[in-house]
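# Pasting the sequence and the predicted model now:
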Amino acid sequence: MILSINPENPHRRHIHQVAETLRLGGVIIYPTDTTYGIGCDIFNRKGVKKIFQIKQRDSRKPFSFICSDLAEISNYAQVSNFAFKIMKRHLPGPYTFVLEATKIVPDSLSTKQKTVGVRIPDNKICQEIVKELGHPLVTTSANLSGEETLQDPVEIDETMGRMVDVVIDGGISLGEASTVISLVDDHIEVLREGSGDISWIEQGY
């Protein structure tokens with residue numbers, strides 16, 4: 001099912017509908033400020049397992065997740081003063097920050113090193129979904145293994161709509177993945193260059 005939601009002013013009823021789908025273990029495809037993502041409630045094992053199957057991904061390579069704000073991130077990751085200052089300056093935005101996980105994070109979403117990737121996209125639709133759900137949302141690019149990420153939600157629905165419960169049409173995406181930056185041990189390491197500018201690292205943050 002494809003559901004159109006206004007990206008500037010998401011309708012409350014639509015957001016509630018999507019959140020209810022997630023609470024029931026549903027999987028959705030939704031817009032972010034980078035690519036479209038596939039997501040579910042991070043605490044719903046059924047949904048997480050389904051996304052691993054859709055992506056044909058090794059369970060030892062966990063997905064990142066979206067939080068509503070920095071306060072929520074601190075529930076799921078160890079946020080030092082150093083990390084907080086950097087994230088406050090650059091979030092919401094096209095970055096995934098890797099931090100040490102807290103004990104509340106499900107094992108399926110943390111690495112062997114007990115780290116997690118967290119995001120706050122600059123996109124009202126996914127921000128409102130996370131707030132309404134009350135839990136972070138799994139995020140991974142909306143594409144099949146080895147295939148390019150699609151930008152048009154109509155094409156995404158034609159290709160992957162049968163695999164998920166809802167495809168949200170929030171307009172054409174930028175089509176480039178987020179920049180992934182590790183802040184573990186208060187050390188900045190760029191793990192993947194993407195749509196987020198990294199010139200600020202050389203400029204002293």
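Good, I have the coordinates.
# Might one say that Val166 is in contact with Gly26?
Yes: with contact defined as Cβ atoms under 8 Å, Val166 reaches Gly26; the gap is 6.8 Å. Yep, even glycine has a C-beta here, placed from its N, CA and C like the rest.
# which residues touch Thr111?
Applying Cβ atoms under 8 Å, 6 or more residues apart in numbering to Thr111 gives the contacts Pro62.
# excluding its backbone neighbours, what's nearest the residue nearest to the spatial centre of the chain?
The chain has Thr139 as the residue nearest its centroid, 3.1 Å off, counting by Cα atoms, centre = their mean. Nearest residue to Thr139, sequence neighbours excluded (Cβ to Cβ, 6 or more residues apart in numbering): Gly37, at 4.4 Å.
# just Thr159 next, same as before
Nearest non-adjacent residue to Thr159 (Cβ to Cβ, 6+ apart): Leu150, at 6.5 Å.
# where does Lys131 fall, phi/psi-wise?
phi -60, psi -40 (degrees, to the nearest 10).
# mind listing what it touches?
By Cβ under 8 Å, 6+ apart, the contact set of Lys131 is Ser68.
# same thing with Tyr205?
Per Cβ under 8 Å, 6+ apart, neighbours of Tyr205: Lys85, Ile86, Arg89, Ile188.
# Mind doing that once more with 7 Å?
Ile86 (Cβ atoms under 7 Å, 6 or more residues apart in numbering).
# distance of it from Ile188?
For Tyr205, the distance to Ile188 equals 8 Å [Cβ to Cβ, to the nearest Å].
# before we move on, what about Gln17?
In terms of Cβ to Cβ, Gln17 sits 40 Å off from Ile188.
# Tyr95 too?
Counting by Cβ to Cβ - Tyr95 and Ile188 are separated by 12 Å.
# Those two: who's more crowded?
Tyr95 (26 against 16; other Cβ atoms under 10 Å).
# bridging residues for the more buried one?
Thr179 (DSSP bridges).
# Now do the contacts for the closest residue to Ala177 other than its chain neighbours.
Nearest non-adjacent residue to Ala177, counting by Cβ to Cβ, 6+ apart: Gly194, 4.3 Å away. Listed by Cβ under 7 Å, 6+ apart, the contact partners of Gly194 are Thr34, Pro94, Glu176, Ala177, Ser178, Thr179.
# Could you export the residues you listed as TSV, including pLDDT?
Formatted as TSV, the contacts of Gly194 follow (pLDDT from 0 to 100):
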residue	pLDDT
Thr34	95
Pro94	97
Glu176	89
Ala177	93
Ser178	96
Thr179	97
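# Generate a PyMOL selection restricted to the buried subset of those residues.
Applying 16 or more other Cβ atoms under 10 Å to these, the buried members can be selected in PyMOL as follows:
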select buried, resi 34+94+177+178+179
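# which residues in this structure form helices?
All helices of the chain, identified by DSSP state H, fall at 12-23, 45-55, 70-76, 81-90, 124-133, 153-160, 199-202.
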